[in-house]
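Visitor: Here is my input, please return the structure:
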Amino acid sequence: MAMLLKGAQAAAAMNEKTAARVARLEAAGVRPTLAVVRVGERPDDLSYEKGVMNRCSKLGIQVQLDALPADATQEELLAVLDRINRDAAVHGCLLFRPLPPQMEDGAIRAALGPEKDVDGITDASLAGVFTGSGVGYPPCTAQACVEILEHYGISLEGRRVTVVGRSLVVGKPAAMLLDRKNATVTICNSRTQGLEQLCRQADVLVVAMGRRGAIGSGCFAPGQAVVDVGIHTDEAGKLCGDVRFDEAEPVVAAITPVPGGVGAMTTSVLAAHVVEAAARASGL
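Guide: Here you go, the predicted structure:
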């Protein structure tokens, strides 16, 4: 039976450190503050927003919400981001995407200052992930994958890691973060030839394909640690991931559950980024 890499336990450890940093900042007169910017009312945005609000409240991070209607113009959103960029009391910004069709995603992302980009959506932040320059912050979900592995003591240095998925939200930045830990990383996608073999050969398998149940029994090997980033709903209405858990769990050594794995960690990573941004801005 595989060890379950539960996100809640890893998140609790991170939250403890974040709360301590918040206390130190507040003692110095700094209140870490996050701006949440949402256009429209997509159910998944509202659900994540609720989780962010709850996490930040518990950690003592102040949150301000800018909710625009779904038919808002690009100029209206740009004005909100400009105000956030210029407000020294706001340390981080979470902008929900995808944006409505009347808005140009690239132009909007470029308008946010990387020093306040706590979810790694700007080109400057992503460049920082690839170069290690320290500009901006990694995408929260990508960092959550690494944080969970490290929390459970799963060695990365010199290990073979296969990342299935090449998005700029998870796959590519996760691969770069794992590379920083001196892992030997292979990035795959749905068209990779010999995908099952590359998965089986990995010591650590990170799956972020965005396809329900795409990774099955032919991809697993004894001793592996599997991180499943996917989140879907099956025919019975139950949450499930990109990995077929019932086929992986009897074989591998450790696996993140869905739900309760990576998703449980992301808001804690976001909160930690906000506090780090507040510390950088105040020179503390």
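Visitor: contacting residues around residue 208?
Guide: Going by CB atoms under 8 Å, 6 or more residues apart in numbering, residue 208 touches 141, 163, 164, 165, 167, 170, 171, 174, 229, 230, 242. The way it works is simple: take the backbone N, C-alpha and C, and place the C-beta from them, glycine included.
Visitor: would TSV of those residues with secondary structure, pLDDT and distance to residue 94 be doable?
Guide: Shown next, in TSV, are those (DSSP: H, G, I helix; E, B strand; the rest coil; pLDDT from 0 to 100; distance: CB to CB, whole Å):
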residue	secondary structure	pLDDT	distance to residue 94
141	helix	98	13
163	strand	98	24
164	strand	98	26
165	coil	98	22
167	coil	96	18
170	coil	97	16
171	helix	97	21
174	helix	98	19
229	coil	98	19
230	coil	96	21
242	coil	98	24
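Visitor: any idea how far residue 247 lies from residue 4?
Guide: Residue 247 sits 16 Å away from residue 4, going by CB to CB, to the nearest Å.
Visitor: What of residue 163?
Guide: Remark: distance between residue 163 and residue 4 (CB to CB) = 21 Å.
Visitor: Looking at the two, which is more packed in?
Guide: residue 163 (30 against 15; other CB atoms under 10 Å).
Visitor: Quick check, that one in contact with residue 186.
Guide: Yes - using CB atoms under 8 Å, residue 163 is in contact with residue 186, at 7.1 Å.
Visitor: All the helices of the stretch 1-150 of the chain, residue numbers only.
Guide: Assignment of helices within the stretch 1-150 of the chain using DSSP state H, counting those that start in this stretch yields the ranges 7-27, 43-59, 74-86, 105-111, 123-131, 140-151.
Visitor: Tell me which of those helices is the most buried.
Guide: Of those, the one with the most neighbours on average (mean count of other CB atoms under 10 Å) is helix 140-151, at a mean of 24.
Visitor: Show me the contact partners of it.
Guide: Here helix 140-151 makes contact (CB under 8 Å, 6+ apart) with 5, 7, 9-10, 13-14, 118-120, 129, 137, 156, 169-171, 173-174, 177-178, 181, 204, 206, 208, 225, 227, 229, 256, 261-262, 265-270, 273.
Visitor: Give the buried subset of those residues as a PyMOL selection command.
Guide: Those of those that count as buried under 16 or more other CB atoms under 10 Å are selected in PyMOL with:
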select buried, resi 5+7+10+14+118+119+120+129+137+156+169+170+171+173+174+177+178+181+204+206+208+225+227+229+256+261+262+265+266+267+268+269+270+273
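Visitor: Just the ones of the contacts of helix 140-151 in strands?
Guide: Cross-referencing those against strands under DSSP state E gives 204, 206, 225, 227.
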